[in-house]
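S.K.: give me the fold of what follows.
(chains A and B)
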Amino acid sequence: MTAPARAGLARPFLRLRVAGYAFFLPFFVVFLVAVVAPLAYAIYLSFFQERMIGGTVFAGLANYTRAIGDALFGAGLARVALFLVVQVPIMLLLALGCALAIDSGRLRWPSLFRITIFMPYAVPAVVAALMWGYMYGDQFGLVGQIGDALGVTAPDPLSHSWMLTSIANMVTWEYVGYNMIILYAALRAIPEELYEAAEMDGAGAIRIAWSIKLPALRPALIVATVFSVIGSFQLFNEPNILQKIAPAVITTSYTPNMYAYNLAFNGQQINYSAAVAVVLGLVTVVVAYVVQIITARREKTL
Amino acid sequence: MKSLPSRRGAMTAGVAAALSLALAACGGGSGGGATSAPAASAEPSKSAAVQDALSKPAELTFWTWVTGIEKTVARFQAKYPNIKINVVNAGQSADQYTKLQTAIKAGSGAPDVAQIEYFALPQFALSKQVVNLSEYGAAALKDKFAASAWNQVAVNGGVYGIPQDTGPMAMFYRKDIFDKLKLEPPKTWAEFTEAAKKIKADNPDNFITSIDPGDAGGVDSLIWQAGGKPFKTSGDSNVSVTLDSDPGVKQWVGTFNTLLSEKLVDPQPGWTDEWWKAMDAGKYAVWMTGAWAPNGIMNSIPKTKGKWAVAPMPQYDAAKPMNAENGGSSVAVIPQSKNIPAAVAFAEWLNSDPEAVKSLNEEAGLFPATKVLLDDPAFRDASVEFFGGQKINQVLSDASAAVAPGWQYLPFQVYANSIFKDTVGQAIDGGGDLAAALKTWQDRITTFGTEQGFTLSNGG
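M.R.: Modelled structure (predicted):
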């Protein structure tokens, strides 16, 4: 008597579980193959040293101790940290402003506005390289032409002192739209009733933005901030593009990622490069986590 | 730069302008066991297999970034229809080497035949990533090639590639600017410095030439042209780097420290849009580079037609003229190939058959490595309209014959070149002392080489 009952209970349960795994499996397989396996392999590689003469030897933690004391790596980390502290707040504030503007319903062609701001995100790197190469040219480029027209010597955006600003400008141009979409999606999720209630209480547009929209945006802002922190540490594409037109300013160790890339592919130092990448990954995780804790705690106190 | 990949590849066809930004460091040529003739240890059976290969069916993959080379390959196909060649552009210079090394390490996916610049060849030869062609009888081709080309594929007693094109250095100059200022093309570096001052005095925005802080290959060639031999490899693992003490390096430092500190040459990366516009506008009166340059000039700045001329490089000692190579590639065979004899036969035909080398020159814009063209009156005496009717190939062929023997590249020149911009490039760009910067470069090269298991020395 009891047995059939048990079976009756178990079957749908089992079916549910199988269905759950079936949905999960395709993602999990791709995740294993594309993320976990390469990561594990990189960590494995980082414990060896392969030489052009003498083959491969086990190196223990030697690559890690070297990475931690590596001045070139450290300078690159400091550079992207400075970049992060300055560029990320500017970019997120701009994205926030754009998202609030679209959501306010007061723009004339909101979808055109949205597409235009988002478009740079879809521009291929090669096109961006040609475009910025032209714009940043201080003699025959746009900057030079503007300088000539105004009769002044324009600052060289590709010089040592301006380069990080120029890169920040490119990254901001590229990612404001992307972050705007994240924030705008969160704004759309706010229930209408809240606005109605606020209006009945006599709140104006600014008050609504401050008291309803901003608090509701907090989780999305945290996500956007964490993404931007990770993006800053991974900085590669933009400086790599500009390296061709400013080789003396953007050295091979300008950012940690560029350093790892050059070690691996020009220097054949795949093992040390893997160690640098692992350390960079750990630093990124720690910083992103700290940023998240700080923002989340602030949320609690409010 | 990049990587500046061989500029030679870059200059061809109309794509040059569009690609110009994407180009990184230019490559120099590469050399190994230089003057010594490779031990011709050809194995008779292998040489015979190469002879037979052309009549048997085969399919070969060929990695190259030379624009227009499909036309030469098509001629091969017409002649030997049994062999099918797949031409693949796997990126330029360092980009291609990365892919090639990855495929070789992975054990599959590498081509049968690949273009490799001279400066990178010792690296591939040392790690046995390319076939020693002397086992297949390639040493017999030696006399068909200019010595300066053959010396660069003869590495450590073997033959690791068939020379495809060369870049003997020459001074391309704007005749209109020189005429206007009543200047003669400088014969010595002292005259060069004087001319630079006059050009600067005429218009402070103009320079006699530019120098690329990211282009190790360009500076390597200028040091070579000064008689320098700062890199030497002996045996499999002994490397000497003497960038701080080599007399040729010191000659170059003396001249260029003056030129840079007095702001007589412009530290500007080459091959960018900005740079071509400057060339177009006459901001630079001279371009000292490999003999492959005319195609790049014609395609990128066609409006300067008739304004150019070419002269030999300025000399340190006019009584003992010396020249160098800049850029140029060989074609190598990859051990992974399933049909090495056919691959060798194709590489040999492509670069030594008279029909092929003529096509490479005329249809792909390469400056020849073969004597059959370099000594051909029809080639030498052709008047080039773009250069105001000058017989430029006479100057360039003679430049090839004047190349100083004995230059070698490091067995890890790709990496050494990549960190040039971090060291010497800083001094070029910022007006620092070149000698100190070369020492920094030497130190980083020495550290790297030691880590890689080589025995490094910085003397003699």
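
S.K.: rest of the way, CA atoms for contacts and neighbours
M.R.: Fine.

S.K.: tell me the centre residue of the chain?
M.R.: Went with chain A since none was named. residue A:231 (2.4 Å; Cα atoms, centre = their mean).

S.K.: if you could check chain B rather than the one you did, that'd help
M.R.: Centre-nearest of chain B using Cα atoms, centre = their mean is residue B:327, 0.9 Å out.

S.K.: surely that residue touches residue B:167?
M.R.: Yes: counting by Cα atoms under 8 Å, residue B:327 does reach residue B:167; the two are 5.4 Å apart.

S.K.: excluding chain neighbours, what is closest to residue A:120?
M.R.: residue A:174 (4.9 Å; Cα to Cα, 6 or more residues apart in numbering or on different chains).

S.K.: and the one you found, what helix or strand is that in?
M.R.: helix A:163-188 (DSSP states H and E).

S.K.: now for that helix, which elements pack on it?
M.R.: helix A:71-103, helix A:110-118, helix A:214-233, helix A:237-243 (3 or more Cα pairs under 8 Å, 6 or more residues apart in numbering or on different chains; DSSP states H and E).

S.K.: need the CA coordinates for the second one. PDB is fine.
M.R.: Just to be clear, that refers to helix A:110-118. C-alpha atoms of helix A:110-118 as PDB (Å, rounded to 0.1, in the frame of the first residue of the first chain):
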ATOM      1  CA  PRO A 110      13.400  59.500 -27.000                       C
ATOM      2  CA  SER A 111      14.200  56.400 -29.100                       C
ATOM      3  CA  LEU A 112      16.400  58.300 -31.400                       C
ATOM      4  CA  PHE A 113      18.200  59.700 -28.400                       C
ATOM      5  CA  ARG A 114      18.600  56.200 -27.000                       C
ATOM      6  CA  ILE A 115      19.900  54.700 -30.200                       C
ATOM      7  CA  THR A 116      22.400  57.500 -30.800                       C
ATOM      8  CA  ILE A 117      23.900  57.300 -27.300                       C
ATOM      9  CA  PHE A 118      24.000  53.500 -27.500                       C
END
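
S.K.: give me the helices and strands touching that helix, please.
M.R.: helix A:71-103, helix A:163-188.

S.K.: the shortest one to helix A:214-233, inter-axis angle?
M.R.: Spelled out, it's helix A:163-188. 150 degrees (axes from the mean of the first three to the mean of the last three Cα atoms, to 10 degrees).

S.K.: list the buried residues for helix A:163-188?
M.R.: A:163-168, A:170-184, A:186-187 (16 or more other Cα atoms under 10 Å in any protein chain shown).

S.K.: that one - what's its average pLDDT?
M.R.: Throughout helix A:163-188, pLDDT has a mean value of 95.

S.K.: how far off helix A:71-103 does it point, in degrees?
M.R.: 40 degrees.

S.K.: in the helix or strand following helix A:163-188, what counts as buried?
M.R.: Using DSSP H and E, the helix or strand that follows helix A:163-188 in sequence is helix A:192-200. Neighbour counts over helix A:192-200 (16+ other Cα under 10 Å) mark A:195, A:198 as buried.

S.K.: ok now helix A:192-200, how far from the chain's centre?
M.R.: 35 Å (Cα atoms, centre = their mean, to the nearest Å).

S.K.: that helix packs against which elements?
M.R.: By 3+ Cα pairs under 8 Å, 6+ apart, helix A:192-200 packs against no helix or strand.

S.K.: send me the following helix or strand past that helix as PDB with only the CA atoms.
M.R.: Toward the C-terminus, helix A:192-200 is succeeded by helix A:205-208 as the next helix or strand (DSSP H and E). Taking Å, rounded to 0.1, in the frame of the first residue of the first chain, the C-alpha atoms of helix A:205-208 are listed here in PDB:
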ATOM      1  CA  ALA A 205       9.400  65.700 -11.100                       C
ATOM      2  CA  ILE A 206      12.700  66.400  -9.300                       C
ATOM      3  CA  ARG A 207      11.400  65.100  -6.000                       C
ATOM      4  CA  ILE A 208      10.100  61.900  -7.700                       C
END
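
S.K.: what does helix A:205-208 rub up against?
M.R.: Helix A:205-208 is contacted from outside by A:195, A:198, using Cα atoms under 8 Å, 6 or more residues apart in numbering or on different chains.

S.K.: mean confidence for it?
M.R.: Per-residue scores along helix A:205-208 average to 88.

S.K.: for stretch B:54-70, same thing?
M.R.: 95.

S.K.: how about stretch A:85-98?
M.R.: The model assigns stretch A:85-98 a mean pLDDT of 96.

S.K.: what's the spacing between that stretch and its chain's center?
M.R.: 13 Å.

S.K.: quickly note the distance from the residue lying closest to residue B:127 once chain neighbours are set aside to residue B:452.
M.R.: Counting by Cα to Cα, 6+ apart, the nearest residue to residue B:127 once its immediate chain neighbours are dropped is residue A:52, at 7.0 Å. Residue A:52 sits 5 Å away from residue B:452, going by Cα to Cα, to the nearest Å.

S.K.: check residue B:337 too.
M.R.: In terms of Cα to Cα, residue B:337 sits 27 Å off from residue B:452.

S.K.: again with residue A:164
M.R.: Applying Cα to Cα to residue A:164 and residue B:452 gives a distance of 33 Å.

S.K.: do the same with residue B:273
M.R.: 38 Å.

S.K.: for the stretch 251-400 of chain B, just list every one of the helices.
M.R.: B:273-281, B:293-300, B:340-352, B:354-363, B:371-374, B:377-380, B:392-401 (DSSP state H, counting those that start in this stretch).

S.K.: hey, which of these is tucked in deepest?
M.R.: helix B:340-352 (a mean of 24; mean count of other Cα atoms under 10 Å in any protein chain shown).

S.K.: check contacts around residue 257.
M.R.: By default, I'm working from chain A. A:233, A:234, A:235, A:236, A:277.

S.K.: if you could check chain B rather than the one you did, that'd help
M.R.: B:433, B:434.

S.K.: so who does residue A:191 touch?
M.R.: With Cα under 8 Å, 6+ apart, residue A:191 has no contacts at all.

S.K.: if I look at it, how far off is chain B?
M.R.: 49 Å (Cα to the nearest Cα, to the nearest Å).

S.K.: try residue A:264
M.R.: 9 Å.

S.K.: any weak-confidence spans in chain B?
M.R.: Residue ranges of chain B with pLDDT under 70: B:1-41, B:460.

S.K.: output the longest helix belonging to it.
M.R.: helix B:434-451 (DSSP state H).

S.K.: please name every helix or strand in contact with the following helix or strand past it.
M.R.: Toward the C-terminus, helix B:434-451 is succeeded by strand B:455-457 as the next helix or strand (DSSP H and E). For strand B:455-457, the packing partners by 3+ Cα pairs under 8 Å, 6+ apart come out as strand B:238-241, helix B:434-451.

S.K.: direction included, what does the shortest one pair against?
M.R.: Right, strand B:238-241. strand B:231-234 (antiparallel), strand B:455-457 (parallel) (DSSP bridges).

S.K.: switch the ones you listed over to a markdown table; also include mean neighbour count.
M.R.: Shown next, in a markdown table, are those (neighbours: other Cα atoms under 10 Å in any protein chain shown):
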| stretch | mean neighbour count |
| --- | --- |
| strand B:231-234 | 19 |
| strand B:455-457 | 17 |
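
S.K.: no further questions, thank you.
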